[in-house]
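In: sharing a model prediction with you, sequence too.
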Amino acid sequence: MKNIKNKLFSQEPVEIGPNSNYENYIMAIESSCDETACSIVKNGREVIANVVASQIKTHAQFGGVIPEIAAREHLDSINIVIEEAFRQAKENIGLNPEDITAFAGTVGPGLVGCLLVGLNAAKTLALTYDKPFIGVNHLNAHLCGNYIDTDLKPPFMALLVSGGHTQIIDVKSYSEQEIIGETVDDAVGEAYDKVARLIGLPYPGGPRLDKLAQEGSPFAYKLPEARVDGLNFSFSGLKTAVLRLVKSFEGKELPVNDICASFQETVSSTLLHKLKKALEESGYKQVVIAGGVAANSEIRKKIFNLQSEGYTVFAPPMKYCTDNAAMVASCAYFNTNTFDDINVEVFSRVK
Ligand code: KG4
Ligand code: ZN
């Protein structure tokens with residue numbers, strides 16, 4: 001439990017977390033990349049309001065996220081998503097802005113200009129309503145997406161797969177976690193997006209590649225599963241192998257569905273093999289997946305199949321896999337490893 005005191009006027013600390021004697025309503029803002037999001041979550045698990053403004057259409061015309069444009073779009077959307085979250089909370093349970101226990105915002109990692117918009121909005125709300133401010137790490141927040149609407153409790157093994165990260169994390173307690181495996185080059189989401197571009201799919205490539213893969217044969221082409229020590233991953237060799245395969249079809253029609261399915265099969269098998277190794281070594285029986293790529297159909301299927309081997313598997317519903325603010329609110333509540341200094345500054349990379 002956190003006793004947070006960083007308020008402007010009143011000085012008595014506020015109890016936040018699973019051991020608090022009070023109901024906690026945390027409003028969180030997320031703006032680390034290309035979604036402007038605001039949510040209100042009760043006691044870390046029950047979503048009272050959830051709003052996401054996506055910039056996908058804007059960035060699609062450029063084939064990827066343009067940081068300066070993304071920051072400007074956050075500025076256009078930020079007040080709208082906050083007002084809509086307050087409106088939903090009023091409509092759903094009669095909650096007023098003064099009833100919010102604390103305001104939270106993503107501190108990093110992410111695009112600095114984008115993070116600044118959401119973080120400053122969260123700090124301003126905290127100062128305006130004289131409530132505590134909590135800064136949250138975006139990666140920890142992805143893991144906490146699994147606490148929403150579930151009774152998940154640590155310890156568990158987590159596979160975090162996003163556009164920028166691929167990690168196996170030993171979550172020992174709500175606030176104690178150890179990264180025990182990670183990619184030595186490309187992140188899974190990055191590999192998806194790069195391969196999607198190679199075969200001519202528009203941004204965002206990952207979900208589109210996933211869809212086409214479902215129409216193809218996963219064993220049409222044998223692609224290499226990188227051999228990396230321990231629990232680490234490598235995906236750059238796989239990307240090069242797809243490039244070579246695509247080039248071999250020059251002048252001929254590209255079997256897009258089969259290439260997507262074969263790539264997806266290799267990626268999902270690689271992730272499963274390493275995750276199983278981590279589970280066996282730790283003896284844990286609970287496993288969670290998190291991050292934007294946890295929305296992938298084949299990765300979900302393979303990891304949920306672990307249930308037949310006696311594991312309990314958690315994965316957030318699709319809307320809490322990709323960037324959202326409900327996971328940030330949940331993290332502000334559960335994870336004591338947060339920033340409670342209102343002067344905290346944004347950061348672009350994991351320190
Ligand atoms: O977690 P996220 O929303 O943003 C980051 O923090 O990176 O993840 C975005 C990544 C992108 O690379 C996107 O292509 C990928 O998640 N992604 C998918 C799927 N849905 C999103 N990749 C594969 N299959 C999907 N269904
Ligand atoms: Zn993310």
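Out: Looks like it arrived, so ask away. Ligands and ions are numbered 1, 2, ... in the order given.
In: now do the helix or strand of the chain with the lowest mean pLDDT: which elements does it pack against?
Out: Lowest on mean pLDDT, DSSP states H and E among the helices and strands of the chain sits strand 2-4, with a mean of 82. Packing partners of strand 2-4 (3 or more CB pairs under 8 Å, 6 or more residues apart in numbering; DSSP states H and E): strand 14-16, strand 133-137. The C-beta positions use only the backbone N, C-alpha and C, and glycine is treated the same way.
In: now the residue lying farthest from the centre of the chain: how far from L212?
Out: The C-alpha centroid of the chain is most remote from G251, which lies 39.4 Å away (CA atoms, centre = their mean). Counting by CB to CB, to the nearest Å, the gap from G251 to L212 is 21 Å.
In: just for the protein, where's the confidence low?
Out: Scanning the chain for pLDDT under 70 picks out 351.
In: around ligand 2, pick out the residues from it.
Out: By the rule CB under 5 Å from the ion, the part of the chain lying against ligand 2 is 162, 323.
In: please enumerate the strands of the chain.
Out: Remark: strands assigned in the chain by DSSP state E are 2-4, 14-16, 25-30, 35-42, 46-54, 102-108, 133-137, 156-161, 166-171, 177-182, 286-290, 312-314.
In: in JSON lines: those strands, plus mean neighbour count and distance to A85.
Out: Listed next are the strands of the chain as JSON lines, based on neighbours: other CB atoms under 10 Å; distance: least, CB to CB, whole Å:
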{"stretch": "strand 2-4", "mean neighbour count": "19", "distance to A85": "21"}
{"stretch": "strand 14-16", "mean neighbour count": "20", "distance to A85": "19"}
{"stretch": "strand 25-30", "mean neighbour count": "29", "distance to A85": "7"}
{"stretch": "strand 35-42", "mean neighbour count": "27", "distance to A85": "4"}
{"stretch": "strand 46-54", "mean neighbour count": "20", "distance to A85": "4"}
{"stretch": "strand 102-108", "mean neighbour count": "28", "distance to A85": "11"}
{"stretch": "strand 133-137", "mean neighbour count": "26", "distance to A85": "16"}
{"stretch": "strand 156-161", "mean neighbour count": "25", "distance to A85": "26"}
{"stretch": "strand 166-171", "mean neighbour count": "24", "distance to A85": "28"}
{"stretch": "strand 177-182", "mean neighbour count": "16", "distance to A85": "28"}
{"stretch": "strand 286-290", "mean neighbour count": "25", "distance to A85": "22"}
{"stretch": "strand 312-314", "mean neighbour count": "16", "distance to A85": "25"}
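In: which one of those strands lies closest to L223?
Out: Of all these, it is strand 166-171 that lies closest to L223, at 17.1 Å by CB to CB.
In: so who does L254 touch?
Out: 199-200, 246 (CB atoms under 8 Å, 6 or more residues apart in numbering).
In: for ligand 2, what's the nearest residue on the stretch 251-351 of the chain?
Out: D323 (4.5 Å; CB to the ion).
In: if we ignore the residues flanking it in sequence, what's nearest that residue?
Out: Spatial nearest neighbour of D323, excluding adjacent residues (CB to CB, 6 or more residues apart in numbering): E35 at 4.3 Å.
In: so what's that neighbour bridging to?
Out: S54 (DSSP bridges).
In: how close does it get to ligand 1?
Out: 7 Å (CB to the nearest ligand atom, to the nearest Å).
In: also I82?
Out: Distance of I82 to ligand 1, given as CB to the nearest ligand atom: 21 Å.
In: could you give the number of residues near that residue?
Out: 22 (other CB atoms under 10 Å).
In: do you know how far I289 is from ligand 1?
Out: For I289 relative to ligand 1 (CB to the nearest ligand atom), the value is 12 Å.
In: just list whatever residues bridge to that residue.
Out: Here I289, judged by DSSP bridges, has bridge partners L159.
In: contacts only, for it.
Out: 158-161, 299-300, 303, 313-315.
In: the residue in the stretch 1-150 of the chain that ligand 1 sits nearest to: neighbour count?
Out: Here the residue of the stretch 1-150 of the chain nearest ligand 1 is C33; by CB to the nearest ligand atom that distance is 5.5 Å. Using other CB under 10 Å, C33 has 25 neighbouring residues.
In: is it in contact with S162, as I believe?
Out: No: with contacts defined as CB atoms under 8 Å, C33 does not count as touching S162, sitting 9.5 Å away.
In: the closest residue to ligand 2 within the stretch 51-200 of the chain and D193, how far apart?
Out: Closest to ligand 2 within the stretch 51-200 of the chain is S162: 4.7 Å, counting by CB to the ion. Computed as CB to CB, the S162 to D193 distance reads 11 Å.
In: ranges for the helices of the stretch 201-350 of the chain?
Out: 205-213, 236-247, 256-282, 297-304, 326-334 (DSSP state H, counting those that start in this stretch).
In: please identify the deepest-packed of the ones you listed.
Out: helix 326-334 (a mean of 32; mean count of other CB atoms under 10 Å).
In: go ahead and name everything in contact with stretch 270-279.
Out: So stretch 270-279 is contacted by 157, 159, 161, 166, 168, 170, 180-181, 188, 225-226, 231-233, 235, 285, 287, 299, 302-303, 306, 311 (CB under 8 Å, 6+ apart).
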